[in-house]
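Starting from these lines, generate the structure:
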Amino acid sequence: MLLQKNGYICRSVKKLEKELIKKLNKMQNKGAVRLFAILLALVCVYQLSFTFVSQSVKNDAEEYAQGDLQKESYYLDSISGETVYNFLGIRKYDYKAVQAREINLGLDLKGGMNVTLEVSLVDMVRSLSNNSSDSTFNAALKLAQQYQENSQEGFIDLFGRAYEEIDPDAKLAANFLTPELKERINFNSSNKDVLEVIKEESDAAINNTFNILRTRIDRFGVAQPNIQMLAQRGRILVELPGVKDKDRVRNLLQSTASLEFWETYENQEVYSYMLEVNEYLKDIQAPEESETEEESESAEEVDAAQEESEDDALSLLDELETAEGDSADVDGSTDMARDFPLFSVLTPNVNNQGQLFPGPVVGFSHYKDTSKVNSFLNMPRVQSMLPRDMLFRWTMDPFDEEGNFYQLVALKVTTRDGSAPLDGGVVTDARQEFGQNQATAEVTMNMNSEGAKTWARMTKNNIGKSIAILLDDYVVSFPTVNTEITGGRSNITGGFSVEEAKDLANMLKSGKMPAKVNIVEEYVVGPSLGEQSINAGMWSFVIAFVLVLIYMLFFYSFHAGAVANFALIANLFFIIGVLASFGAVLTLPGIAGIVLTIGMSVDANVLIYERIQEERRAGKGLKLAIADGYKNALSAIIDGQVTTLLTGIVLYFFGSGPIKGFATTLIIGIIASLFSAIFLTRLVFERFLGKDKKIKFTTKLTSNWLLNAKIKFLEKRKIAYIISGIAIIASIASISTKGLNYGIDFKGGRTYVVAFDDVVEVTDVSKALADEFGTAPEVKTFGSDNQVRITTDFKIDDHSEAIDNQVESLLYEGVMPFLDDVSKDQFIEDYIQSSTKVGPTISDDIRNAAMISIALALIVIFLYVFVRFRNWQYGIGAIAALAHDTIIVVGVFSIFSGLLPFSLEIDQAFIAAILTVLGYSINDTVVVFDRIREYIGLYPKRHVEVNTDNALNSTLRRTFSTSLSTFVVLLAIFIFGGETIRGFSFALLIGVVIGTYSSLFVATPISYDFRHKVVKKIAQTRK
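As a prediction, the model looks like this:
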């Protein structure tokens, strides 16, 4: 199947190549290309405009706040619903919408917290069982957990397999004969059927957990949070930019959901109290001097409104409208807040005629005003004015389409201790169904016998009123009771869609199915380190980009070099614009991906320019040389870029977090560079030719560089084999004896980057921490001499909620001798620059994914080369070179680990570097193979060795230019890119050098030997 798919890819590439050649010939479609480029540019400008507008608003907020972060946050909240961008007068966007469309910065650039959560399916399965003390049942759970460490299978399937392995004759149904599951499981149910039911229940638990976390995060007050379900079922990724309170986040994410049922007050019963509260708030906010006549009249109107109910609601509504209308000439918002302090932030629940709506909703507020309403209603004097059994809670979801307004619901306390009369523990089952003769979905809920009794009493006492259902102290629904409900079975209707009914059913079931959530991976970056990363990333980007532009002008003259630079700038613009349109997150590895893409995109221009020069040396005119140069270079360009693209796609699907961001920019960059280099540059040259302008493709200094090289590569291949053999043996020996420095991505553990006020010795810090952790952690200098990285696996298997705080406390106690009167809170907030936690289970998954991604990349590349060149010897040569590059790069990391002043850890970033090296190396190799294939076709009578050497020599200028430009770019990233990606960029630097060497001295000679030596021996053996 993989071969078939790869064959399809190659056929598609060949078809694409033919179409591109057809379009390039005489550029018949110049108008279409120009139109597409203009449209793409306009789309990019439109998408990037949101980032500029958002940044402008933030600058205004900073200027307004003058360094006061709370004031700045208030300013941004206050304009979140106001129009800040009117696009060409066609469409208006408020700040909230603009912010959602801007380019998001990753946590490594912005600071914040990245958490991977795992729903504990072990606890979930136990909660479903009626026989959790059964030895076979518990042994199967334990064995399934062991299987999960080295398997990509789902936990429920592993549990079923373990259960049958322990006791093949045991009936799994015997452990799940509970009232909740009696309709779906009986004693005669097969193990397969039971596992299907457990899967359904686990899926519901996972979806419910996801929805609960999403709601909690939405209310956490973080700008641009991200929560998504990961491919590994049961895992949830949460990204919270800018957060500082790690303990609060951990508690928020790991606390058990609280489901409650409350009786409610009616709006009519609460309204008079709201008027009284409003009057009180007005009085305490009035100035000390005597009230003006106008204020007295307003007070009399409010007093009159208190005497009569619904009629007075209409008068109040009129007054509110009058106050709002006055804002046209005076500061209406100030008048509103002064005369109606409560109702200026809480709109009463009345219709246009001023009549109170029935139900428990007493009003609604914009999300930015909910905290102010809370502060008003929680004032001690206001509390004394309200009935002691009256509580207020906000709805979980907004009720308007724009998602800005939330309803306030009045609850009634009916118990002595003030708790809810019913909680989620009484719910035995809840499911979405379609009611009889109804077009909308409804929710059916069942309770146990104890809950049914209380439920019958509550429904009997509240016929015609509502009962509120709360989750995590927010109202998710408030259905009206039509009749007394006995037996514990209820139908909840309300015009639900299927998805809404499913969500509500899952929330109701959460009470009886407490799916525990564990933090299996955590990554925290402080704002100061994020700012350093931005500066480092931008400097590396600017320096690398400028160096590439200068190199192209130097090597290919001002004429052709300027055209190539135009393509590079356009390529950069398209990359950032497409990233913005996709809503992608820009990370530090993402910036590195952009810089690397720019370095590699030079290759397409170099291939074209070198072919044009060859055509010119063959005696062709400028116009024909340009046309043939583009046509003849196209095959090598497409083959080289597609192989790199394939490795980027593999990296995207098997990477996570920042690595996926790197892959995203790499993929987008490759596609954009193809368009820019092939079509945009051709448009410019066609325009120059139309005006009879002279175009130079080289300078006097570079015109003869490596032009007439006559290196006998195949003759020297045995020397290369010896050199490569020594390097490979040394690498394997070091890996076998010294080993590799695995990062916590692969072995699990915790890492803290701590910045001290003064220079510290790593050995002293390690000894001090050994007393706290029991064993000495790994401590290394990280960047400057006063900054260290501390790695420990202390209690990494402990999933208790307090363990992370305990480890931080021990860390603080250990480094106290190196601090000057610093509190624990100050140490955590100001001195810990970043922290990472990776649990053992997820580290196994990361390691497995890394191995799969490398193996899959090698297989895909081999099949592509094999099908594309229709010769398996080329594939063998390519794979041999890639294996050669991989072993040596890994060996360098093993040999020099601990010897160089920066980290050489084997982590996710290193795997990304290896895959990128593979893509770069195969790019080089494919270009050489393409030229060999061409020479064999042009000169069939020449010996293959001569054709091969000539082909290699003819590509030397291209190899030199591409490798040098890429190396210079990577060197800029290595020097200026910051400590966090230094190991990553070092791997790429080594990989580019080794990859260039292997494409000339390994891939081609091996493919030659297999084709002309091994084949001959096989033929002789058969004779």
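
now the helices: where do they sit in the stretch 551-700 of the chain?
Taking DSSP state H, counting those that start in this stretch to define them, one finds helices in the stretch 551-700 of the chain at 588-617, 622-654, 658-675, 681-690.

closest to Glu180 out of those helices?
helix 622-654 (38.1 Å; CB to CB). (Each C-beta comes from the backbone N, C-alpha and C, glycine too.)

List the buried residues in the closest one.
Buried residues in helix 622-654, counted by 16 or more other CB atoms under 10 Å: 622, 625-652, 654.

now do stretch 700-711
Those would be Thr702, Leu706, for stretch 700-711 by 16+ other CB under 10 Å.

any residues touching the one helix or strand Lys837 maps to, and which ones?
Here Lys837 sits within strand 832-838, counting by DSSP states H and E. The contact list for strand 832-838 (CB atoms under 8 Å, 6 or more residues apart in numbering) reads 246, 519-526, 528-529, 744-745, 748-755, 787, 796, 804, 808, 846.

Kindly recompute the last result at 6 Å.
521-526, 529, 744-745, 748, 750-755 (CB atoms under 6 Å, 6 or more residues apart in numbering).

any idea which of those residues is least confident?
Within the contacts of strand 832-838, Leu529 has the lowest pLDDT, namely 56.

In three-state terms, label Val759 for me.
Of the three states, Val759 takes coil under DSSP: H, G, I helix; E, B strand; the rest coil.

And the strands in the stretch 301-450 of the chain?
347-348, 361-366, 390-394, 405-412, 422-423, 427-434, 441-447 (DSSP state E, counting those that start in this stretch).

Ranked by average pLDDT, which of the ones you listed falls at the bottom?
Among these, strand 427-434 carries the lowest mean pLDDT (a mean of 80).

Show me what secondary structure element comes after the strand or helix carrying Cys44.
Cys44 is part of helix 30-65, with elements assigned from DSSP H and E. Of the helices and strands lying after helix 30-65 in sequence (DSSP H and E), the nearest is helix 69-78.

I'd like to know which elements that following helix is packed against.
In terms of contact count using 3 or more CB pairs under 6 Å, 6 or more residues apart in numbering; DSSP states H and E, helix 69-78 is assigned the packing partners helix 30-65.

Strands of the stretch 701-850 of the chain, residue ranges please.
Using DSSP E, counting those that start in this stretch, the strands of the stretch 701-850 of the chain run over residues 749-755, 778-781, 787-792, 832-838.

In TSV: those strands, plus mean neighbour count and distance to Phe36.
TSV is the format used below for those (neighbours: other CB atoms under 10 Å; distance: least, CB to CB, whole Å):
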stretch	mean neighbour count	distance to Phe36
strand 749-755	22	46
strand 778-781	19	51
strand 787-792	22	48
strand 832-838	23	43
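
Go through these and name the closest to Ile735.
strand 778-781 (19.4 Å).

Tabulate the strands of the stretch 701-850 of the chain (JSON lines), appending distance to Thr483.
Shown next, in JSON lines, are the strands of the stretch 701-850 of the chain (distance: least, CB to CB, whole Å):
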{"stretch": "strand 749-755", "distance to Thr483": "57"}
{"stretch": "strand 778-781", "distance to Thr483": "68"}
{"stretch": "strand 787-792", "distance to Thr483": "61"}
{"stretch": "strand 832-838", "distance to Thr483": "53"}
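
out of these, which comes closest to Glu102?
Closest approach to Glu102 among the strands of the stretch 701-850 of the chain is made by strand 832-838 (24.1 Å; CB to CB).

tell me the average confidence for stretch 542-562?
85.

centre of the chain versus that stretch, how much separation?
Mean-position distance between stretch 542-562 and its chain equals 34 Å (CA atoms, centre = their mean, to the nearest Å).

Pull out the buried positions in it.
For stretch 542-562, using 16+ other CB under 10 Å, the buried residues are 543-545, 547-549, 551-553, 555-557, 559-561.

Tell me, how many residues neighbour Arg1011?
18 (other CB atoms under 10 Å).

Now do the one helix or strand Lys199 maps to and strand 427-434, the angle between them.
Assigned by DSSP H and E, Lys199 belongs to helix 191-218. Per axes from the mean of the first three to the mean of the last three CA atoms, to 10 degrees, the angle that helix 191-218 makes with strand 427-434 is 90 degrees.
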